[in-house]
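> how would this look folded up:
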Amino acid sequence: MNKMRKSKSNLIQSVDRALQILECFSKRDKELGVTEIANRLDLHKSTTFGLLSTLESRGYLKQNLENGKYKLGIKLFEQGRLVEDDMDLRINSLPYLKELVDKYQETAHLAIRDGSEIIYIDKVEGGSAIRMYSQVGKRAPMYCTGVGKAMLAFMPEDQVDNITKDLKFTPFTGNTITDLNKLKVELNEIRRRGYCIDNEEIEVGLKCVAAPIMNYKGEVVASASIAGPASRMSDEKLQFIAKDVKEAVTKISETLGYKR
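Residues are numbered from 1 along each chain as shown. Modelled structure (predicted):
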């Protein structure tokens, strides 16, 4: 049985109706009145007005005071830009990730942050790739992943403190950092050299090199990595990979407006 399949009984009616209201708007119907929406959705006007007022208060709708009709609000644009930014990031990053994969025949990752976790938003596998923990859409803690530590190391100190203050360190392997002070020492080292090495910290037998991706403001917005089995990731090879990963993330950052 597919656990993701939801029956109508699982739906929250008010939320479903609010989303139906937003979907009423289109290029042809940029403005709609209470009665028009109520008729389309077969709702009472009072119910419709309450939903419209709530959506307006949150910025998802805006009322035209001249005719009383509603149109989509700026909040939808702001939320949509978050999705667009991730899409642009993936598109801009892909050629550079493929170059790394072609050269080393290992697996490249692209990740963003969500709270104290990372989310893999892209993955490119090489001909020698092995099965590993990462999957597009999968989450992992920042403190024990190369892509996560690479981002943490280049964030403002107060932001790092906010992320780590309530962290519960779980030892995924014998190499996982489980102490905040040790983590901060490593973040300083990562910042100094410009890249991070995950030394079998989230998965036994897996090593990776990661580096941060910056936006036009010089803020870290993502990170990229090359990962492979520890048996193929010698110290010498890791140094070559680190150099190429740093060059790749710099080029990706420049597509986002970053200037060195």
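> now the strands for this protein?
Here the chain has its strands, by DSSP state E, at 61-63, 70-72, 107-114, 117-124, 139-141, 196-199, 206-214, 220-229.
> Which among those strands is found nearest to Asp158?
Asp158 lies closest to strand 220-229 among those, at 14.1 Å (CB to CB). For glycine as for every other residue, the C-beta is placed from the backbone atoms N, C-alpha and C.
> Only the buried residues of the closest one, if you could.
By 16 or more other CB atoms under 10 Å, the buried positions in strand 220-229 come out as Val220, Val221, Ala222, Ser223, Ala224, Ser225, Ile226, Ala227, Gly228.
> what sits against the residue lying closest to the second one once chain neighbours are set aside?
To tie it back to what came earlier, the one meant is Val221. Excluding the flanking residues, the one nearest Val221 by CB to CB, 6 or more residues apart in numbering is Asn215, at 4.8 Å. Going by CB atoms under 8 Å, 6 or more residues apart in numbering, Asn215 touches Val221, Ser253, Leu256, Gly257, Tyr258.
> Next one: Asn215 from Tyr258, what distance?
6 Å (CB to CB, to the nearest Å).
> Same question for Ala227.
For Ala227, the distance to Tyr258 - CB to CB - is 24 Å.
> With Val15 instead?
Look at Val15 and Tyr258: by CB to CB, they are 38 Å apart.
> ok, the two, which is more surrounded?
Taking other CB atoms under 10 Å, Val15 and Tyr258 do not tie; Tyr258 has more neighbours (19 against 10).
> ok, back up a step: of all the buried residues of strand 220-229, which two lie farthest apart?
Val221 and Gly228 (25.0 Å).
> which residue ranges form the helices in the protein?
Remark: helices assigned in the chain by DSSP state H are 13-24, 34-41, 45-57, 74-104, 146-153, 157-164, 180-193, 235-255.
> Minimum distance to Ile118: which of those helices has it?
Closest to Ile118 of the helices of the chain, according to CB to CB: helix 146-153, at 4.5 Å.
> Now do that closest one against strand 117-124: the angle between them, please.
Going by axes from the mean of the first three to the mean of the last three CA atoms, to 10 degrees, helix 146-153 is angled at 130 degrees with respect to strand 117-124.
> I'd guessed Gly146 sits against Ser225; true?
Yes. Between Gly146 and Ser225 there is a contact under CB atoms under 8 Å: 4.9 Å.
> Mutual contacts of the two, please.
Counting by CB under 8 Å, 6+ apart, the shared contacts of Gly146 and Ser225 are Asp198, Cys208, Val209, Ala210.
> Now for the first one: which residues touch it?
Right, Asp198. Asp198 makes contact with Cys144, Thr145, Gly146, Lys149, Leu206, Lys207, Cys208, Val209, Ala210, Ser225, Ala227, according to CB under 8 Å, 6+ apart.
> try 7 Å
Residues near Asp198 by CB atoms under 7 Å, 6 or more residues apart in numbering: Thr145, Gly146, Lys207, Cys208, Ala210.
> can you name the two of those residues that are farthest apart?
Checking these with CB to CB, the most distant pair is Thr145 and Lys207, at 11.8 Å.
> quick one: which of the two has more around it?
A side-by-side neighbour count of Thr145 and Lys207, using other CB under 10 Å, places Thr145 first with 31 against 26.
> Excluding chain neighbours, give the residue nearest to Ser14 in space.
Leu51 (7.2 Å).
> Which strand residues bridge the residue nearest in space to the middle of the chain?
In the chain, the residue lying closest to the centroid (CA atoms, centre = their mean) is Ile112, at 3.4 Å. Beta bridges link Ile112 to Ile119, judged by DSSP bridges.
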